[in-house]
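> A predicted structure for the sequence below; I have some questions about it.
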Amino acid sequence: MTHQQNSRINRRQFIQSAAVLAAAGILPGLSWANSVISGNNKLAVIILRGAMDGLAAVIPYGDAALRTHRAALVPADETLLKLDNFFALHPAFPGLFQLQKAGELGIVHAIASAYRERSHFDGQNILESGLEMAQPNASGWLNRALQVQNQQQAMALGQSVPLILRGQASVGSWAPPVLPALNEDTLTRLQSLYSGDSFLGPRLQEALDARAIVGADRSNSRTQGFTALIDAAGNFLKAPGGPNIVVIENDGWDTHANQGGAQGTLPRKFTELDNSITRLKSALGTTWQNTVVVVMTEFGRTVRVNGTLGTDHGTAGVAFLAGGGLTKYGSRPAVLGPWPGLSESSLREGRDLQPTNDLRTLITEILQSHMGFNGQLLRELVFPGMPISGFRAS
Amino acid sequence: MTTYSPFIAANRFGLGIQPGEHTAIEKDPKGWLSAQIPRANRLPPRFSQLSNSAQLIEMGDADNRQRNSFQQDGEITAAEQLQIRAAQRLATALMRNHANQRLAVAIESDTPFAERLVRFWSNHFSVTLSNNKPTTLYAGLAYENETIRANMNRRFEDMLLSVASHPVMLTYLDNTISLGPNSVLGRQRNRGLNENLAREMLELHSVGADGGYTQADVIALARMLTGWSVNLPTNTAARPDLQTPAGSFYYNARAHEPGTQQFLGKSYVDNGQQQAVTAIRDLANHPSTAVFIARKLVRHFIADQPPESAVIRLAQVFRDSRGDLASLHKALIDLDEAWDPRLQKLKSAEDFVVSTARALPGISLTDEILGILNDTLGSFNQTPFTAPSPAGWPEQAEHWGGPDALIKRVEFINMVTSAVGPDFDARDIVNLILPPNPGLQSAVRRAESKTQALTLLLASPQFQWRA
């Protein structure tokens, strides 16, 4: 665990100056007393890198245009985990389906960050900075949030502190003692690069075949790595005096080819995510009751299946919320957010799901109502460019 | 018309391009290389504080002597055990420091062609150090600097002579225990020749196995080399030459085989230590040596299957310049084959690790990071001065690019890119470290994260080759 000691002073200075401003009436309402929630609440942010295909995760089976765009990617109707008469979870999400029945799951469809181009790097930069434009030295929105509310302690779980947590406020970080395993997607891409090399290509393939035989199964070892992070998240969040915010990253979501319908690469990722959230719930025990998990990704994927049975970089996608902390919001639609539709004329640039919500507005809701952050400060300092319209539930 | 590619200059002849070097190299790739040749004998500042080989051999000898004395007087006491451990800790720290400094010199070198040449010759005159020869265990880097680096701008005969008379080589190839059967000591002890050094000098260092020598030539050279030894004390006596430092070269006339020797068709009168010196200078300038060295240079720098035209040309330069190393090095980069993009060499493990670090600007060469990189060399079985035989590290792609080695390279890169963190943008360097390759560029651009992009770049097949 490492702490950035040198940034503590900066953070204190920041809080002090913010308090001075508040006293002068420039930023009204800087007071924890305004919060209706106790300071005991927990937040876990899971960043899915590579752009999860939201239309495959939460399937709008009631939209007549769905199967004309991507029949090959839609599992059989009777296997779908139907949430209502329009949306269904992919069959690989039995755990989330159970949570939904218990009121512990929130789904937001057709949601996107401010980013409207198609680069992973820039998309993730904006997802984590919460700004309008990709900037090489940006701070992360969660770090800026910590600067305005110093009761909160955050921890990055993984080999490095991701952009979302970087900035003036000090944060912890923890990584499992073993190096991250090679991920399946990276190996697949490497195989493709090596396929053009007549000397090295066959040799790399032999090595991968040998590993498969001796059981160094790469998907297993990768899953184990993520499992270790989930277990750590559970332990940290329930530890007295531990961090109340954790950030976990998971990669391998960039499914350009053979992503699979009922089974395959993407459904395996769904299973991994589903298992992880179920596992986090049991690891947290009673702490689950005051926890909210936010699952987000840099952008969605194209509505139409591409020529290699995958999908390409798109715009709007899905965000998941999970946790016992959601039950306090009462009954609500299974899937939140206005549905833009999949008809040709509804698509963004003729190919993408049109965004109807900005991720920052959803995050603001959670930070404010669940974690007790001050809404005004969130809008002014954490998400300065956020649309004023706010989150649209329907 | 030869095209001088900056990537071939830096990757085939250097230690891997540093992204910031690209502009300077691009102006005149061949000129960038040739300007380094006269600087090849400079001692890098990092090495200036290191002890010389004599000091390190004296230290190794003292440590060994202490261990032996403890063992000989019966049981090792607890106090003795502590002393042994303390000596081991010092030795480990010293060797780690040497390994780290040697790696750092390669990673930060601004004369990487010169460094590659030093490493080529060091491997040509390879020594394998181990606990079996404890006196020289610490002196590998000093040996390299004193015999190879110091002679880079002289003639091949100077380097060969320097190597053959260096205490590390004399110890490694057993010349220190070789006695002329008819010498004073040989008759006293009824002991004789050890041919190891003489044989390897012929087979590996000069004319090559097919160079036209016989067993009689091996014996003749071994006889002439008798007496070439190291100035160290024995269990019962002080070091033989009190005028020169312990651990340095010592010519022991009482071990020298008397008489004229017939070697490679010439007669060498017995003038003591000078007998072998004269023979070695002739050996260095033997026509077979020119071809053997030329072929080895081409095989190392240009192709596992050396184009014969290139070998012939370099051998000619070797003969014409009487083995002038700078002329030879210049001739190497003057070859058309040197710039042929169709010829390829796979990076050795060391070159792969070094070029990886060079590709990442801003990497801080702390002892911890250098230690990790050295451990990586260990896991690739290429710890410096531990080659499997006196022939040194192999050249062939088959040796370095086996399936297991490849997957280890990918795993090493996975470790490196995890440590580099998510900020480093491989798109910034892809066109600066490797020749344009649409497939690779697209893979880097389309990666799902910056970390993955960097992994794909450094683990790519293109980065495994030296061009």
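Perfect, thanks for sending it.
> how about the strands in chain A?
Using DSSP state E, the strands assigned to chain A run over residues A:42-49, A:58-59, A:81-82, A:88-89, A:105-112, A:154-157, A:172-174, A:245-251, A:291-297, A:317-322, A:335-336, A:357-358.
> sorry, that was for the stretch 151-300 of chain B
B:228-230, B:249-251, B:261-263, B:266-268 (DSSP state E, counting those that start in this stretch).
> Regarding the closest residue to chain A within the stretch 51-200 of chain B, which helix or strand does it belong to?
As assessed by Cβ to the nearest Cβ, chain A sits closest to residue B:103 within the stretch 51-200 of chain B, at 20.6 Å. For glycine as for every other residue, the C-beta is placed from the backbone atoms N, C-alpha and C. Using DSSP states H and E, residue B:103 sits in helix B:78-108.
> in that helix, what's buried?
B:80, B:84, B:87, B:91, B:94-95, B:97-108 (16 or more other Cβ atoms under 10 Å in any protein chain shown).
> avg pLDDT for the helix or strand following it?
Counting by DSSP H and E, the element after helix B:78-108 in chain order, helix or strand, is helix B:112-124. Mean per-residue pLDDT for helix B:112-124: 98.
> Output helix B:112-124 as CSV, restricted to C-alpha atoms.
Extracted C-alpha coordinates of helix B:112-124, given in CSV (Å, rounded to 0.1, in the frame of the first residue of the first chain):
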residue,chain,number,x,y,z
PRO,B,112,25.4,2.1,-28.8
PHE,B,113,27.2,0.8,-31.9
ALA,B,114,30.5,1.0,-30.0
GLU,B,115,28.9,-0.8,-27.1
ARG,B,116,27.6,-3.5,-29.3
LEU,B,117,31.1,-4.0,-30.7
VAL,B,118,32.5,-4.2,-27.2
ARG,B,119,29.9,-6.9,-26.4
PHE,B,120,30.6,-8.7,-29.7
TRP,B,121,34.3,-9.0,-28.9
SER,B,122,33.7,-9.7,-25.3
ASN,B,123,31.5,-12.6,-26.4
HIS,B,124,34.2,-13.7,-28.9
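> Buried residues, it. List them.
Of the residues in helix B:112-124, those buried (16+ other Cβ under 10 Å) are B:112-124.
> Listing request: residues of the stretch 1-150 of chain A with sub-threshold pLDDT.
A:1-39 (pLDDT under 70).
> Tell me where it has helices.
A:6-23, A:54-57, A:66-70, A:94-101, A:120-129, A:141-148 (DSSP state H, counting those that start in this stretch).
> can you tell me if the second one touches chain B.
Spelled out, it's helix A:54-57. No: legend: contact between helix A:54-57 and chain B by Cβ under 8 Å from any Cβ of the partner chain is lacking; minimum distance shown is 15.7 Å.
> returning to that earlier point: which elements pack onto the helix holding residue B:103?
Secondary-structure packing of helix B:78-108 (3 or more Cβ pairs under 8 Å, 6 or more residues apart in numbering or on different chains; DSSP states H and E): helix B:53-72, helix B:112-124, helix B:140-143, helix B:349-359, helix B:367-379.
> any chance of those helices in TSV, with distance to residue B:40 too?
As requested, these are exported to TSV (distance: least, Cβ to Cβ, whole Å):
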stretch	distance to residue B:40
helix B:53-72	20
helix B:112-124	4
helix B:140-143	17
helix B:349-359	17
helix B:367-379	23
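> Name the residues of chain B found near chain A, please.
Residues of chain B lying near chain A (Cβ under 8 Å from any Cβ): B:346, B:397, B:401-404, B:406-407, B:410-411, B:414-415, B:418-419, B:421-423, B:425, B:427, B:439-440, B:443, B:445-453, B:455-456, B:459-462, B:464.
> Give me the most central residue, the chain.
Since you didn't name a chain, this refers to chain A. For chain A, the residue nearest the mean C-alpha position is residue A:296 (2.1 Å; Cα atoms, centre = their mean).
> Not quite, go with chain B.
residue B:122 (2.4 Å).
> Need the pLDDT of residue 263.
Just going to use chain A. 93.
> Sorry, I should have been clearer: chain B.
Residue B:263 is assigned a predicted lDDT (pLDDT) of 98.
> Residue A:163 and chain B, how far apart?
7 Å (Cβ to the nearest Cβ, to the nearest Å).
> Show me what stretch B:144-164 is in contact with.
Contacting residues not belonging to stretch B:144-164 are listed as B:37-38, B:40-41, B:43, B:47, B:50, B:52-53, B:114, B:117-118, B:121-122, B:125, B:166, B:169-170, B:197, B:201, B:205-206, B:225, B:228, B:276-277, B:280-281, B:283-285, B:289, B:293, B:318, B:322-326, B:328 [Cβ atoms under 8 Å, 6 or more residues apart in numbering or on different chains].
> 6 Å - rerun?
B:40-41, B:47, B:53, B:118, B:121-122, B:125, B:166, B:169, B:280-281, B:284, B:323-324, B:326 (Cβ atoms under 6 Å, 6 or more residues apart in numbering or on different chains).
> do the same with stretch B:422-439
Contacts for stretch B:422-439 (Cβ under 6 Å, 6+ apart): B:7, B:17, B:19, B:22, B:359, B:441, B:444, B:450-451, B:453-454, B:457, B:462.
> Let me have those residues in TSV, extended by pLDDT, secondary structure and neighbour count.
Below are these laid out as TSV (pLDDT from 0 to 100; DSSP: H, G, I helix; E, B strand; the rest coil; neighbours: other Cβ atoms under 10 Å in any protein chain shown):
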residue	pLDDT	secondary structure	neighbour count
B:7	96	helix	23
B:17	94	coil	22
B:19	90	helix	16
B:22	90	helix	16
B:359	95	helix	23
B:441	96	helix	15
B:444	96	helix	25
B:450	91	helix	24
B:451	90	helix	26
B:453	96	helix	25
B:454	96	helix	28
B:457	97	helix	25
B:462	97	helix	21
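> returning to that earlier point: right, so of the strands of chain A, which gets closest to chain B?
Among the strands of chain A, strand A:42-49 sits nearest to chain B (Cβ to the nearest Cβ), with 4.8 Å.
> quick one: strands adjacent to that closest one?
Applying DSSP bridges to the sheet, strand A:42-49 is found paired with strand A:245-251 (parallel), strand A:291-297 (parallel).
> Using CSV, write out the CA atom coordinates for the first one.
This file holds the C-alpha atoms of strand A:245-251, laid out as CSV (Å, rounded to 0.1, in the frame of the first residue of the first chain):
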residue,chain,number,x,y,z
ILE,A,245,-14.0,4.1,-2.1
VAL,A,246,-12.2,1.6,-4.3
VAL,A,247,-11.5,1.6,-8.0
ILE,A,248,-11.0,-1.6,-9.9
GLU,A,249,-10.1,-2.0,-13.5
ASN,A,250,-10.9,-4.9,-15.9
ASP,A,251,-9.8,-5.1,-19.5
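> model confidence over it, on average?
Mean pLDDT, strand A:245-251: 93.
> what inclination does it have with respect to helix A:141-148?
Strand A:245-251 and helix A:141-148 meet at an angle of 170 degrees, taking axes from the mean of the first three to the mean of the last three Cα atoms, to 10 degrees as the criterion.
> Need the contact partners of strand A:245-251.
Contacts of strand A:245-251 (Cβ under 6 Å, 6+ apart): A:43-50, A:152, A:154-158, A:162, A:164-165, A:226, A:229, A:233, A:236, B:449.
> now the last one
Under the criterion Cβ under 6 Å, 6+ apart, residues A:42-46, A:48, A:51-52, A:284, A:317, A:319-323, A:325, A:366, A:370 lie in contact with strand A:291-297.
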